[in-house]
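Asks: Need coordinates for the following:
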Amino acid sequence: LNIGPGLALLTGTLAGAASVYGYEFSSPYLESCKLRIYDTCGVGNLHGYPSLVGAILSIFFVTLDAQADFLVSPGDGIAVQMMRQVGGIVATLVVSLASGYGTGWLAKVLQKEEQSKFFQDQAWWHLEY
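Replies: Numbers count the residues shown, from 1 in each chain. Prediction:
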């Protein structure tokens, strides 16, 4: 998309703010609610929320260059391209949520050790204090 440096700076600023506020507010909420989502690596804050901001803004940026050849197929209008952007967002969210929950389920099924033994390093480290 041909948005120019000003809108690119605005997009980056909003995406950065989404990352920071996501870390501050959504992470504690997701861990405490019934879903018990533990984002130990901060993937949602670092990649998810900023990309969602950029994707939502891309829907509106389509209208800035209505005659771009790479945006509109012959006969299609801006509304069609905007809906394609929305479809891309929905498809990405469906795949990421399904793969994330699937990976979490698989990790829980394959878990072999008791959780009470986590973070107890005596078996691997012999330290004399």
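Asks: after the helix or strand bottoming out on mean pLDDT in the chain, next one along is what?
Replies: Lowest by mean pLDDT, DSSP states H and E among the helices and strands of the chain is helix 27-32, with a mean of 83. Remark: after helix 27-32, the chain's next helix or strand is helix 43, criterion DSSP states H and E.
Asks: in the very next helix or strand once past that next one, what counts as buried?
Replies: Downstream of helix 43, the next assigned helix or strand under DSSP H and E is helix 49-61. Applying a neighbour-count criterion of 16 or more other Cβ atoms under 10 Å, the buried positions in helix 49-61 are 49-53, 55, 57-59, 61. Where you see a C-beta, it was placed from the backbone N, CA and C, and this is true even at glycine.
Asks: May I see the buried residues of the least confident helix or strand of the chain?
Replies: Across helix 27-32, burial judged by 16+ other Cβ under 10 Å covers S27.
Asks: how about the CA coordinates for it, as PDB?
Replies: Taking Å, rounded to 0.1, in the frame of the first residue of the first chain, the C-alpha atoms of helix 27-32 are listed here in PDB:
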ATOM      1  CA  SER A  27      -1.700 -10.400  29.900                       C
ATOM      2  CA  PRO A  28      -2.800 -10.200  33.600                       C
ATOM      3  CA  TYR A  29      -6.500 -10.400  32.500                       C
ATOM      4  CA  LEU A  30      -6.000 -13.500  30.300                       C
ATOM      5  CA  GLU A  31      -4.100 -15.300  33.000                       C
ATOM      6  CA  SER A  32      -6.700 -14.600  35.600                       C
END
